[in-house]
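Colleague: kindly generate the corresponding structure for this input.
(chains A, B, C and D)
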Amino acid sequence: MENLIALLIAAPLLGAAVLLVGGRRLDAVGHWIGTLLSTASFVIGAVLFVGLLGRSADDRTLIQHLYTWIPVESFQADVTFRLDQLSMTFVLLITGVGSLIHLYSVGYMEHDERRRRFFGYLNLFLAAMLLLVLADNYLLLYVGWEGVGLASYLLIGFWQHKPSAATAAKKAFLVNRVGDMGLSIAIMLMFTTFGSFAFGPVFGHVGGTSEGRLTAIGLMLLLAACGKSAQVPLQSWLGDAMEGPTPVSALIHAATMVTAGVYLIVRSSAIFNAAPDAQLVVTVVGGVTLLFGAIVGCAKDDIKKALAGSTMSQIGYMVLAAGLGPIGYVFAIMHLVTHGFFKAGLFLGAGSVMHGMNDEVDMRRYGGLRKYMPITFITFGLGYLAIIGFPGLSGFFSKDKIIEAAFAKGGTEGWILGGAALVGAALTAFYMTRVMLMTFFGEERWRTGSGAAADGHDGHGEPHPHESPGIMTIPMMVLAVGSVFAGFFFNLGDRFLHWLEPVTGHSEGHSPVSALTVTGATMVCLVVGVAVAWAQYGRKPVPAAAPRGSLLTRAARRDLLQDDFNHVVLVRGGEHLTRSLVYVDHTLVDGVVNGTAASFGGLSGRLRRLQNGFARSYAVSMFGGAALLVAATLLMRAV
Amino acid sequence: MNAAAVHSLWTTAADPIAKIDAPKIEYGQLSPILIVVGAALVGVLVEAFVPRKARYHAQLFVSAVALAAAFAAVIALAADGYGTTKAHIAAMGAVAVDGPALFLQGTILLAGLVGLFTFAERRLDPEAHGNRVDSFAAQAASVPGSDSEKAAVKAGFTTTEVFPLLLFAVGGMLVFPAANDLLTLFVALEVFSLPLYLLCAVARRKRLLSQEAAVKYFLLGAFASAFTLFGIALLYGYAGSVSYATIAQVVDGNVPNVDPALADTMGNDALLLIGAAMVVMGLLFKVGAVPFHMWTPDVYQGAPTPVTGFMAAATKVAAFGALLRLLYVVLPGMRWDWRPVMWAVAILTMLGGAIVAITQTDIKRLLAYSSIAHAGFILAGVIATSKNGVSSVLFYLAAYSFVTIGAFAVVTLVRDAGGEATHLSKWAGLGRRSPLVAAVFAVFLLAFAGIPLTSGFAGKFAVFKAAAQGGAAPLVVIGVISSAIAAFFYIRVIVLMFFSEPRPEGPTVAVPSPLTTTAIAFGVVVTVVLGVAPQYFLDLANQASVFVR
Amino acid sequence: MNPVNYLYLAALLFTIGATGVLIRRNAIVVFMCIELMLNACNLAFVVFSRMHGNLDGQIIAFFTMVVAAAEVVVGLAIIVSLFRSRHSASVDDASLMKL
Amino acid sequence: MSFPLLTATAALPAVGAVATAAVPAARRTAAKWLALLVSLGTLALAAVVLVRFDPGGARYQLTESHAWIAAFGVRYELGVDGIAVALVALTALLIPFIVLAGWHDADPLETGSRRWRPTQGFFALILAVEAMVIVSFEATDVFLFYIFFEAMLIPMYFLIGGFGDRAHEHGEEAASTQRSYAAVKFLLYNLVGGLIMLAAVIGLYVVAGNFSLTEIVQARANGTLHMATSTERWLFLGFFFAFAVKAPLWPLHTWLPNAMGEATAPVAVLITAVVDKVGTFAMLRFCLQLFPDASKWATPVILVLALISIVYGALLAVGQRDIKRLVAYASISHFGFIVLGIFAMTSQGQSGATLYMVNHGISTAALMLVAGFLISRRGSRLIADYGGVQKVAPVLAGTFLIGGLATLSLPGLAPFVSEFLVLVGTFTRYPAAGVVATLGIVLAALYTLVLYQRTMTGPVRPEVSAMPDLRARELLVVAPLVVLLIFLGVYPKPVTDIVNPAVRQTMSDTHQTDPKPEVEAAK
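Modeller: Numbering: from 1, shown residues only, chains lettered A, B, ... in the order given. Purely as a prediction, here's the structure:
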């Protein structure tokens, strides 16, 4: 049965190869091939899942060794896959959501002449992502890790003719590379520490190594996670990544790839458990990010960017949970899955809205769309309720558990983290409600008459909002269903907990406050958030032009000035550095050499003048030479 | 002529003349010299009695045969073991017949033969009044641009005297490295110098330059030989004899019976040191070592190019031969005195030649400076004062001389209205016009630069190796540096020929007769063979590297 | 009289000759100075020959004279041809080739 | 006396060079085909070598030994270990692509003299270089190596100075002057390096009395040949200097950008992918084996220089406005990695370095050749003159991107394997150096993606709007390289299996052992 694992990856990989190499002759059917193969991968996943369920809880780990990859003395990297409950979960999420989004894209990208290539890239992404979660050693994981980075680069920059897209793609890749540095250093540390970087040996030897080493490894892994999962301080790329086609944002930048960081941390639980300092840093990063993202989300008028901010914040929750250790791992993954559902749904909804609005993204030019695109409205609405944690829906269960766990961490940091999580919940409620209201309620600001869109944006004139075709709405519905029931289903008898426990381990924390209180507090926050949002955007009409807003708002609109910082310090500084180095290379390094040559030339010119053509001066030099010769010879005898 | 002979002559004056026993001369072993000198005399007779029309061919024939025969004789002697086992001193101590002598004589003879071909080339210049013309003045005595010159040209005169002159020069050169007493050394020096002075003066084009070159060469040469002579006098005064063997004994201080006078002068090292220094200086002048090099560029530039080629090659061989013999046979006893001095000279010569060459604009002057630099490299080998040193120098000389002749032969081909176009700027883009000639010249330049797989590299390696083994590592490093500098200007010429656009009014490349072609081809062959498979010749030089005492 | 003094004389003559070569412009005179140097050598040879009581030095002196004569022949030929083409025997005028 | 396989591998291109040069001026195409066939034949021979080579076998295999110049203690000794085999294979592999890519680079613009035959010369020179490079990989005699190490400069010099890009932003005149400047710079740098090495070679002879690598190493091992510490260090420096110029290592690198910038793309590939490898290869084979102690002594300095090369080269690549110069600086950065790996003195480092030489050869070839095709279309090397190419020439852009990704050593492509091995190998012994080196992977991403973004993406510039996509010949050049990049990225084992034993040998020759991991050290 383990032999099936490779097929999981092979199917989409094959798709990518065929679609990208195949050329124009496949344009007609390309998208179907892509969808077919990703679905195939999903089916295989399902089969394997059933198979796993058939086994006892403690031997649900399948290993498939393909071949030895890089053997150099003690450095042995194999291509080996590990399928256990954790990776199984991801496989299903990736292939499932992935297939849905393939389907969606068939409609969404209909009018793009490069659709075939788009599907090729999507398949490439699936393959890489599956490799990431199935790898049995960190080096192989690294391959997937960079592979998804490549896919995301290609997809963000899919509309390459737009300079903004190309730039965003480059930025994403670069920021990720910084993270990757962390991962590669972590791997090297593992190799020097354990003499291996395969999961088994590494986790096996954790006991016998100094905590310092482990902390270092942990922090490096965290750096990697920050890059991939857009956590502070490496979060800046996610907002720009929204330049990519919306399905991409849904799949890669909401549901799957950005959660790879969480996977990495949970997968490395053994290391983190033994390195409390590293864990603390993880929780801090998570806490900061969940607030940061939320604040940014509150200020953005671009619907996708608002959602991006939310994604950031939600992943913040997961990282926070993952940082809490055994009490949090399971819930981190659980939130990850539910988030995968509802955030994908929300993005697809957003895409559908844009589809109907001439690719308009500014929510201030939306409004009152619910009657024009009812299905979108409903699915989006359900996703909305899920994310804000409306009781009974997925978000409610997963997020609630995380907040509990945060308090359960105990001590001051427990309170701080828990508090942060609560505030985050409130903010989530606020910005999501804001999005909801601005998009589907209120007056129809897109009507040219209303002067809102007076400055005829991208020349389309007045848009004619309409519902998207079935091929797009169906996936949205499916996801909506997921976002409604997933949480409840998982939580029923702690199914999910029991499922994952063998891999991640679990321990009940002793919360200073009872679970009920936490839930209550969460509800309060939720209500507050919704109320404020309603007060601001529901009651009074939304101004078509963004008001100046408070200092915080303005900062938030610019990602809390983080980009400005990057621009000034890194970009500008870098340019100056390189420019000055080019100068140095030319004048100094090269100059020295040319200088020596020149000096020889000068010397030659000066010596040359001695050859003045007068026989007598030659005679003088001879005479002098003779004298010197004699003198020298005598001198030699003297000394 | 050694002292004993003269003495007997003097003391037994009263006895009947019949008692005089003729000095013993091994004609067989001296045959190379005798052949060449004899042929030279024949050449003079030819000038005197053969009608003008026939002279050129007659002279060419005589010289070629003579040189070839002499070379054959050298080979025969060497094969007969005179280079190694039967090496000894002939002509009553006047001339040594040993390995170095034979090797160098062979080299000189070949160089002379190849040089002869370039002398005899008559296709490069357009025919004047239906007469083929070579590189030499129609009538050296006539004033440049005068009517008499025009008349001479019209009459189709040619200076066929160059052939006997060449032979005389070769004859002197043959004796020079073999000379085994200071008198013979001096006479040989003059015998090959004087014809060269004359040869410098008889260029057909640019006669003023030619004459100027001759005057400079002559005056400075005579000046130098005066020093040499005085040095000889002092050495004679020190040792009471001019025979190498005797002087060496005295220097080493192991003389069988010391008469008071000798004891007196032996005590006075100043005589020895000054004398040695002055003799050596004369030789350094001939090899063109700094600071006695200044004649080289001017003479090389002014002299007729074939003469330059021959001179550059053969003179160096002969002079270095003599220098080696002097330093290894006569003065090994005072090695510790002359080695440091020679160090200084070698360093000056290597660097000086290389550096000044960088800014040269005339190809002949460029080659002149390069020859100075090479003299420096060879000196490094001389300093080694070991068997290896000798063999490496012998090898280097053989390798170098043919490259030089070849290079100058190529220079004679590149011509414009004013004769040879020696200014570098005119060589621009030669590689486009006539790739073959440019390629050949490039090969020679690379050999000069000592790029591997050329004879230049093998020679340089041999010399530096010997020097390093002789404990002169710093000299090697400096040599390496200066050859890097030297590489720069050789490459400049290559760049010029291949990578710069040809000038519209650029020079044409004359199609030479088989004579020059042979010379050039020979140069190329030697360059490649000695570069790729030098083993045989290294062995030869190695066997030939023992001086007879 | 101590023969060494003759040596001093020879050295003196040699130096005078050399100096002449360095300071005189006229090629002929320069050449004569060289001849002077050669003769200085001859003197030295003879003196040494006397000191050592063998004849080599004197023989060499004769050789030297012959050589000197030969030099005269060649030298004068060259100098005269130079003079005829330039109407000047100054060695300094003959400086077309330099640098 | 078996068939002299190694000699044949070198002799075939040598003969081919002469033959190609001899092809009459009119038969230009014939010369091209001849060259291509010869290079393919050489590839075949190299393949045979690869097959006949037994990784588990003796240190040096397929050895040949003949007397050559006894007077210098020089023998004609050939022999290959795993490292040499890999590099010979690389050379033989790349030349056909280079020939094919340069198919039209040397077609004479104006018909100069009847006898002026640039095309014949171009291909003859390429083959000559191949022959010399192969010999210097195979030589186990220091002198023999040196001869060809130096001699190969001459054909390279003519290739750089004689043939440039067709169109040039500053006109043909400026182009030719820049070309000859670059050529002279290349030659002088390497010649100076070589001459200094010559001094060291002579010194080695004075000390050792012969030039046979194997004999000297053996004699040093069993103590019959003693070298004074100072002597060994001086000799080491003499050798290393030459190799560092060739490699090139900061601060001796400045000839490379000029040379690669002015030469045609195929020649640029020849320089960086083939010729420069001789330098790094020689460090591994001669510096380490002849002077183990001195190597250890010099390691700290060399590591620093290597790190500087990595970061400095990458930063300058970011700052370039000229596509080819950018690639050149990128190469400098990569050579930094190779040197780092060699002198990290760990098996991972040295295997990685060897692997790196091979992979860098392939990846640079891919990137540079595609860049060459691009440049030949637009007639400019300036990045600023391009934009939106991927719209009009998607295949070209795609292959260019793959080449770029290989250059930034993306996992899954060959260079990643070698780069990571080098990093790990360095890290295990010098953690700090390893960390600094990882900066290189970020910067590599920066310059590669910036290059791609500026040239390929964005709105289509009018000048490139009519640009044709890759032609069949060009695709034939690029496709195999891409396939190779992917294959060696996914399954490098064949190469590592060949290389590892040789590295093990080198490690033992230099008395080095890999540092133990902490957990085992604890036990």
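
Colleague: quick one, what contacts the residue in the stretch 151-300 of chain A positioned nearest to chain D?
Modeller: Proximity of the stretch 151-300 of chain A to chain D (Cβ to the nearest Cβ) peaks at A:Gly195, 3.2 Å away. C-beta here means a position set from N, CA and C on the backbone, and glycine is covered the same way. Contacts for A:Gly195 (Cβ atoms under 8 Å, 6 or more residues apart in numbering or on different chains) come out as A:Ser74, A:Pro201, D:Lys516, D:Pro517, D:Val519, D:Glu520.

Colleague: could you look up the SS state of the third one?
Modeller: Look at D:Lys516: counting by DSSP: H, G, I helix; E, B strand; the rest coil, its state is coil.

Colleague: so how many other residues sit close to it?
Modeller: By the criterion of other Cβ atoms under 10 Å in any protein chain shown, D:Lys516 has 14 neighbours.

Colleague: pLDDT at A:Asp58, what is it?
Modeller: As predicted, A:Asp58 sits at a pLDDT of 82.

Colleague: hmm, I typed the wrong one, I wanted A:Met1.
Modeller: Residue-level confidence at A:Met1 comes out at 74, pLDDT.

Colleague: ok, it - how many residues close by?
Modeller: 13.

Colleague: would the longest helix belonging to chain D count as contacting chain B?
Modeller: Longest helix of chain D, by residue count under DSSP state H: helix D:171-208. Yes. Using Cβ under 8 Å from any Cβ of the partner chain, we find that helix D:171-208 touches chain B at D:173, D:176, D:179-180, D:183-184, D:187-188, D:191-192, D:195-196, D:198-199, D:202-203, D:205-206.

Colleague: quick check: phi and psi at the nearest residue in space to the residue of the stretch 151-300 of chain A closest to chain D that is not next to it in sequence.
Modeller: Leaving aside its sequence neighbours, A:Gly195 sits nearest to D:Pro517 (Cβ to Cβ, 6 or more residues apart in numbering or on different chains; 3.2 Å). Backbone geometry at D:Pro517, expressed as degrees, to the nearest 10, gives phi -60, psi 160.

Colleague: list, one by one, the residues from the stretch 1-150 of chain A near chain D.
Modeller: Neighbours of chain D within the stretch 1-150 of chain A, by Cβ under 8 Å from any Cβ: A:20, A:67-75, A:139, A:142-143, A:145-147, A:150.

Colleague: which of those residues are buried? Put it as a ChimeraX command.
Modeller: Buried subset of the residues of the stretch 1-150 of chain A next to chain D, written as a ChimeraX selection, criterion 16 or more other Cβ atoms under 10 Å in any protein chain shown:
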select /A:20,69,70,71,72,73,74,75,139,142,143,145,146,147,150
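
Colleague: OK, contacts around residue 4?
Modeller: You didn't pick a chain, so chain A it is. By Cβ under 8 Å, 6+ apart, A:Leu4 lies in contact with A:Ile44, A:Val47, A:Leu48.

Colleague: of the residues you listed, just say which sits nearest to chain D.
Modeller: Of the contacts of A:Leu4, the one sitting nearest to chain D (Cβ to the nearest Cβ) turns out to be A:Ile44, at 21.2 Å.

Colleague: pLDDT at the closest one, what is it?
Modeller: 94.

Colleague: and the residues of helix D:171-208 next to chain B near chain A, which?
Modeller: D:Leu188.

Colleague: buried stuff in the helix or strand where B:Pro32 lies?
Modeller: Element membership of B:Pro32, judged by DSSP states H and E, is helix B:27-49. For helix B:27-49, a neighbour-count test (16+ other Cβ under 10 Å) marks B:29-40, B:42-44, B:46-47 as buried.

Colleague: of those, which are in range of chain D?
Modeller: When Cβ under 8 Å from any Cβ is applied, no member of the buried residues of helix B:27-49 is adjacent to chain D.

Colleague: ok, back up a step: now, the residues of the stretch 1-150 of chain A next to chain D that are in strands?
Modeller: When the residues of the stretch 1-150 of chain A next to chain D are checked against strands (DSSP state E), the matches are A:Tyr67, A:Thr68, A:Trp69, A:Ile70, A:Pro71, A:Val72, A:Phe75.

Colleague: between the residues you listed, which is closest to chain C?
Modeller: Closest to chain C, out of all of these and judged by Cβ to the nearest Cβ, is A:Val72, at 62.9 Å.

Colleague: could you give the bridge partners of that closest one?
Modeller: A:Phe75 (DSSP bridges).

Colleague: isn't it up against D:Lys493?
Modeller: No. The pair A:Val72 / D:Lys493 is not scored as a contact, 10.1 Å apart, by Cβ atoms under 8 Å.

Colleague: which residue does chain C bring closest to chain D?
Modeller: C:Leu99 (23.5 Å).

Colleague: mind listing what that residue touches?
Modeller: By Cβ under 8 Å, 6+ apart, C:Leu99 lies in contact with A:Arg608, A:Arg609, A:Gln611, A:Asn612, A:Gly613.

Colleague: try D:Lys324
Modeller: Shown in contact with D:Lys324 (Cβ under 8 Å, 6+ apart): D:Met260, D:Gly261, D:Ala265, D:Ala268, D:Met368, D:Ala371, D:Ile375, D:Arg381.

Colleague: the fifth one and D:Ala25: what is the separation?
Modeller: It refers to D:Met368. With the distance defined as Cβ to Cβ, to the nearest Å, D:Met368 ends up 30 Å from D:Ala25.

Colleague: who has more neighbours out of these two?
Modeller: With neighbours defined as other Cβ under 10 Å, D:Met368 and D:Ala25 compare such that D:Met368 has more, 30 against 17.

Colleague: and the pLDDT for the more buried one?
Modeller: Predicted confidence (pLDDT) for D:Met368: 94.

Colleague: isn't it right up against D:Val267?
Modeller: No. With contact taken as Cβ under 8 Å, D:Met368 and D:Val267 are classed as non-touching, separated by 9.8 Å.

Colleague: mind listing the strands in the chain by residue range?
Modeller: No chain specified, so I'll use chain A. A:62-72, A:75-83.

Colleague: I was after chain C.
Modeller: Along chain C, counting by DSSP E, no stretch forms strands.

Colleague: close to chain A: what parts of it are there?
Modeller: C:18, C:21-23, C:25, C:30, C:91-92, C:94-99.

Colleague: check contacts around residue 63.
Modeller: Using chain A. A:Ile63 neighbours (Cβ under 8 Å, 6+ apart): A:Glu2, A:Thr80, A:Phe81, A:Arg82, A:Leu83, A:Asp136.

Colleague: that was the other one, I meant chain C.
Modeller: Contact partners of C:Phe63, counting by Cβ under 8 Å, 6+ apart, are B:Leu183, B:Phe186, B:Val187.

Colleague: keep those residues, but drop any that are not near chain C.
Modeller: Counting by Cβ under 8 Å from any Cβ, B:Leu183, B:Phe186, B:Val187 from the contacts of C:Phe63 sit close to chain C.

Colleague: so which helix or strand takes in the closest residue to chain A within the stretch 401-549 of chain B?
Modeller: Distances between the stretch 401-549 of chain B and chain A by Cβ to the nearest Cβ are smallest at B:Ile485, namely 6.3 Å. Using DSSP H and E, B:Ile485 sits within helix B:473-499.

Colleague: what's the angle from that helix to helix D:171-208?
Modeller: 150 degrees (axes from the mean of the first three to the mean of the last three Cα atoms, to 10 degrees).

Colleague: so is helix B:473-499 next to chain D?
Modeller: Yes. Contact between helix B:473-499 and chain D, assessed by Cβ under 8 Å from any Cβ, occurs at B:473, B:476-477, B:480-481, B:483-484, B:487-488, B:491-492, B:495, B:498-499.
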